[in-house]
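Enquirer: What shape does this take:
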Amino acid sequence: MKKALFIYSFFLISVTTFSQQKAEVIVNADLGQYNIDKHIYGHFSEHLGRCIYDGLWVGENSSIPNINGVRKDIIDALKHIKIPNLRWPGGCFADEYHWMDGIGARENRPKMVNTHWGGVVEDNSFGTHEFLNLCEALGTEPYICGNMGSGTVEEMSKWVEYITFDGESPMANLRKKNGREKPWKVQFWGVGNENWGCGGNMTAEGYAENYRRYATYTRDYGDNQLYKIAGGPNVDDYHWMSTMMKNIPHRMMKGVSLHNYAFTRRWEDKGDATGFSEDDYFSLLEHGSLMDNLIIRHSAIMDLYDPAKKIGLIVDEWGAWYNVEKNTNPGFLFQQNTLRDAILAGLVLNTFHKHADRVKMANIAQLVNVLQALFLTEGEKMLLTPTYHVFDMYKVHQDATMLPTVVKCGTYSRLNKKLDAISVSASKDKNGKVHVSFVNIDPVNSIDIDCNIRGLIGGKLTSVNIITATNTDSHNTFDNPNIVHIEDYKGATYKNGVLTLKMPSKSLMTVELN
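Expert: Model prediction:
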């Protein structure tokens with residue numbers, strides 16, 4: 001009996017060790033069906049804290065190098081990651097923003113109080129022209145969120161006309177008077193933001209009725225066809241999604257939004273961005289993993305009304321939300337950004353890839369100095385956060401064909417819960433290159449991975465990039481801006497269709513096969 005118990009115990013230990021250190025992956029390189037829309041890699045810039053002012057916008061007369069008043073270093077870095085779209089002006093701010101306050105000579109623009117974020121004065125120096133000129137400099141598509149909460153149908157209708165109409169009209173003439181002869185191309189329009197909350201505390205039925213009015217009077221001008229996005233649910237409000245899909249004619253909308261943030265404890269105490277425990281590390285990733293189930297359940301509702309999947313699910317606010325950093329304005333939502341955030345970003349992007357049939361756009365919150373930012377600034381200094389480097393590493397998946405994968409791996413356990421130790425996503429680009437991205441969430445154990453690439457004729461290992469660091473809360477500072485960054489990785493081989501690599505703990509990796 002003792003011998004049997006010993007053998008059984010040894011078997012359990014062996015299985016546990018195997019589950020923590022081994023993984024088998026199959027990538028079906030010849031079975032791709034859905035395109036990973038580049039707009040999944042979108043970003044978000046709200047008039048909140050130091051995102052716009054003291055972040056993006058420094059003004060044309062600043063000593064900081066700029067292009068039409070926007071920091072040149074950030075423009076260059078965003079072009080490098082091929083930013084596909086940029087959402088503006090909010091967020092909650094959108095439903096108190098009146099666009100005509102932000103046009104014309106800056107010295108004549110009225111000031112307002114930003115009642116949502118810190119009670120600071122908004123001087124409207126960054127408005128419609130400044131935003132759209134930035135998008136042109138970036139070569140990216142604007143995504144404008146209109147004001148339903150405190151605005152009017154007429155106000156949003158005239159904004160669309162001001163921006164996109166190429167002809168003779170009061171709004172087009174006003175645009176020309178303000179220095180822009182030709183209209184801009186702006187297809188993405190959100191009709192309100194979080195109208196179940198800060199955007200008016202509406203019911204789902206009330207919002208849907210209002211949406212129909214707004215959508216009626218926001219018109220297509222010329223070849224500028226609007227991609228109208230209805231304000232969708234908060235997290236798991238499935239009634240709200242059902243109401244949008246049932247009560248809004250599908251010809252009147254192209255997408256429905258979804259907002260979901262990850263935090264570590266509870267909404268009232270979201271945990272700290274740095275100096276966190278392993279329990280907090282696990283808790284954040286466990287919250288992040290819920291994105292998969294949310295998309296599955298919301299997609300199931302959408303499928304009932306839209307089986308052809310013509311309406312996109314637009315996750316236009318996602319990311320990590322922690323307690324603000326000490327000694328900062330609590331309304332500014334400033335937080336550091338660590339390797340943990342990079343791992344979260346990889347997990348969520350892999351989830352979006354998995355649901356490429358329905359998820360057509362996403363916007364991480366936010367771009368600069370707010371929440372899970374890509375950039376932090378301090379005067380003339382600017383640094384790239386660990387999250388930025390994930391978007392850099394993952395840009396190869398934009399507009400590529402999602403390749404189905406099968407993963408057998410162990411788990412990372414904590415707090416009486418379990419998560420898969422690794423996450424995998426793969427795609428094939430238009431040139432036939434296959435990219436496989438791996439995330440190892442285990443903070444201690446490396447994982448030996450055997451990845452069988454099926455359906456790829458020939459092929460060779462071109463490159464392997466890795467993001468990792470000493471600790472899960474390793475982060476970049478202005479004194480040490482490269483603690484977490486992308487490096488080349490040499491510990492991988494590819495032979496007879498099998499990719500073999502040892503993936504370090506707490507790391508992200510992207511492999512290219514050509």
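Enquirer: Which residues belonging to stretch 35-45 are considered buried?
Expert: Of the residues in stretch 35-45, those with enough neighbours to count as buried (16 or more other CB atoms under 10 Å) are 36-45. In short, each C-beta sits where N, CA and C put it, glycine included.
Enquirer: what's the burial count for the closest residue in space to Leu31 that isn't next to it in sequence?
Expert: Excluding the flanking residues, the one nearest Leu31 by CB to CB, 6 or more residues apart in numbering is Pro404, at 5.3 Å. When neighbours are defined as other CB atoms under 10 Å, Pro404 has 16 of them.
Enquirer: measure Pro404 to Asp357 for me?
Expert: Between Pro404 and Asp357 the distance is 12 Å, computed by CB to CB, to the nearest Å.
Enquirer: Are there residues contacting both of these two? Which ones?
Expert: Gln33 (CB atoms under 8 Å, 6 or more residues apart in numbering).
Enquirer: Phi first, then psi, for Ile67.
Expert: Main-chain torsions, Ile67, degrees, to the nearest 10: phi -120, psi 110.
Enquirer: oh, I was asking about Phe276
Expert: The phi/psi pair for Phe276 (degrees, to the nearest 10) reads phi -90, psi 160.
Enquirer: and what of Ile295?
Expert: Phi and psi for Ile295, reported as degrees, to the nearest 10, are phi -60, psi -40.
Enquirer: swap in Ile74?
Expert: Phi and psi for Ile74, reported as degrees, to the nearest 10, are phi -70, psi -40.
Enquirer: That one against Ile52, yeah?
Expert: No. Contact criterion CB atoms under 8 Å: Ile74 and Ile52 do not qualify, at 11.6 Å.
Enquirer: how distant is stretch 148-167 from the center of its chain?
Expert: How far stretch 148-167 lies from its chain's middle: 27 Å, per CA atoms, centre = their mean, to the nearest Å.
Enquirer: cool, and stretch 62-79?
Expert: Remark: stretch 62-79 is offset 22 Å from the chain centroid, using CA atoms, centre = their mean.
Enquirer: ok, back up a step: show me the contacts for the residue nearest to Leu31.
Expert: Going by CB under 8 Å, 6+ apart, Pro404 touches 27-28, 31-33.
Enquirer: now Arg414
Expert: 278-279, 282-283.
Enquirer: Same list, those residues, but as CSV with distance to Leu333 and neighbour count please.
Expert: Below are the contacts of Arg414 laid out as CSV (distance: CB to CB, whole Å; neighbours: other CB atoms under 10 Å):
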residue, distance to Leu333, neighbour count
Glu278, 25, 12
Asp279, 23, 13
Phe282, 24, 21
Ser283, 20, 21
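Enquirer: Which of these sits closest to His475?
Expert: When the contacts of Arg414 are compared for distance to His475 (CB to CB), Glu278 wins out at 16.7 Å.
Enquirer: for Arg340, helix, strand, or coil?
Expert: helix (DSSP: H, G, I helix; E, B strand; the rest coil).
Enquirer: okay but it is in contact with Thr472, surely?
Expert: Yes. Between Arg340 and Thr472 there is a contact under CB under 8 Å: 4.9 Å.
Enquirer: Look at these two and report which has more neighbours.
Expert: Neighbour count, other CB under 10 Å: between Arg340 and Thr472, Arg340 has more, with 27 against 24.
Enquirer: And that one, how far from Ile486?
Expert: 17 Å.
Enquirer: now do Met244
Expert: Computed as CB to CB, the Met244 to Ile486 distance reads 39 Å.
Enquirer: Counting neighbours, go ahead and name the busier of those two.
Expert: Met244 (24 against 17).
Enquirer: check contacts around the more buried one.
Expert: Counting by CB under 8 Å, 6+ apart, Met244 has contacts 204, 208, 211, 230, 232-233, 253, 256.
Enquirer: for Pro249, same thing?
Expert: Pro249 sits next to Arg212 when contact means CB under 8 Å, 6+ apart.
Enquirer: at 10 Å what do you get?
Expert: Each residue near Pro249 by CB atoms under 10 Å, 6 or more residues apart in numbering is listed here: 212, 215.
Enquirer: What is the burial count for the residue nearest to Val444 when sequence neighbours are not counted?
Expert: Spatial nearest neighbour of Val444, excluding adjacent residues (CB to CB, 6+ apart): Ser505 at 5.4 Å. Neighbours of Ser505 under the rule other CB under 10 Å: 16.
Enquirer: which element is Thr470 on?
Expert: Under the criterion DSSP states H and E, no helix or strand holds Thr470.
Enquirer: ok, it - how many residues close by?
Expert: Using other CB under 10 Å, Thr470 has 10 other residues around it.
Enquirer: Next one: it, what pLDDT does it get?
Expert: With respect to pLDDT, Thr470 has a value of 97.
Enquirer: One more: Gly459?
Expert: For Gly459, pLDDT reads 85.
Enquirer: sorry, back to before: strands - which of the buried residues of stretch 35-45 land there?
Expert: The strands, defined by DSSP state E, take in 42-44 from the buried residues of stretch 35-45.
Enquirer: Quick one: the contacts of Met244 as CSV, columns for secondary structure, neighbour count and distance to Val160 too.
Expert: Putting the contacts of Met244 into CSV (DSSP: H, G, I helix; E, B strand; the rest coil; neighbours: other CB atoms under 10 Å; distance: CB to CB, whole Å) gives the following:
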residue, secondary structure, neighbour count, distance to Val160
Ala204, helix, 21, 25
Ala208, helix, 20, 20
Tyr211, helix, 24, 15
Ala230, strand, 27, 16
Gly232, coil, 28, 21
Pro233, coil, 24, 25
Met253, coil, 22, 15
Val256, strand, 23, 20
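Enquirer: More neighbours: which of Ile74 and Ile52?
Expert: Neighbour totals were compared for Ile74 and Ile52, and Ile52 leads with 26 against 23 (other CB under 10 Å).
Enquirer: can I assume the more buried one is in contact with Tyr97?
Expert: No. The pair Ile52 / Tyr97 is not scored as a contact, 11.6 Å apart, by CB atoms under 10 Å.
Enquirer: Leu284 is in what secondary structure piece?
Expert: Going by DSSP H and E, Leu284 is in helix 278-305.
Enquirer: mean confidence for that helix?
Expert: Rounded mean pLDDT across helix 278-305 is 98.
Enquirer: and it, how far from the chain's centre?
Expert: On CA atoms, centre = their mean, the centre of helix 278-305 falls 14 Å from the chain's centre.
Enquirer: now do stretch 375-395
Expert: The answer for stretch 375-395 is 14 Å, by CA atoms, centre = their mean.
Enquirer: export it as CSV, just CAs?
Expert: Output of stretch 375-395 as CSV, limited to C-alpha atoms (Å, rounded to 0.1, in the frame of the first residue of the first chain):
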residue,chain,number,x,y,z
PHE,A,375,3.4,56.9,-23.4
LEU,A,376,4.4,58.8,-20.2
THR,A,377,5.6,62.4,-20.5
GLU,A,378,7.4,64.8,-18.2
GLY,A,379,8.3,68.1,-19.8
GLU,A,380,10.6,67.4,-22.7
LYS,A,381,11.0,63.7,-21.7
MET,A,382,8.9,60.9,-23.1
LEU,A,383,9.1,57.2,-22.5
LEU,A,384,7.6,54.1,-24.1
THR,A,385,5.7,51.9,-21.6
PRO,A,386,5.8,48.0,-21.7
THR,A,387,2.3,48.2,-23.2
TYR,A,388,3.7,50.2,-26.2
HIS,A,389,6.2,47.4,-26.9
VAL,A,390,3.4,44.8,-27.1
PHE,A,391,1.6,46.9,-29.8
ASP,A,392,5.0,47.2,-31.6
MET,A,393,5.5,43.4,-31.4
TYR,A,394,1.9,42.6,-32.4
LYS,A,395,1.6,45.0,-35.3
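Enquirer: What are the boundaries of the strands in the stretch 251-400 of the chain?
Expert: 255-262, 312-320, 359-364, 375-378, 381-384 (DSSP state E, counting those that start in this stretch).
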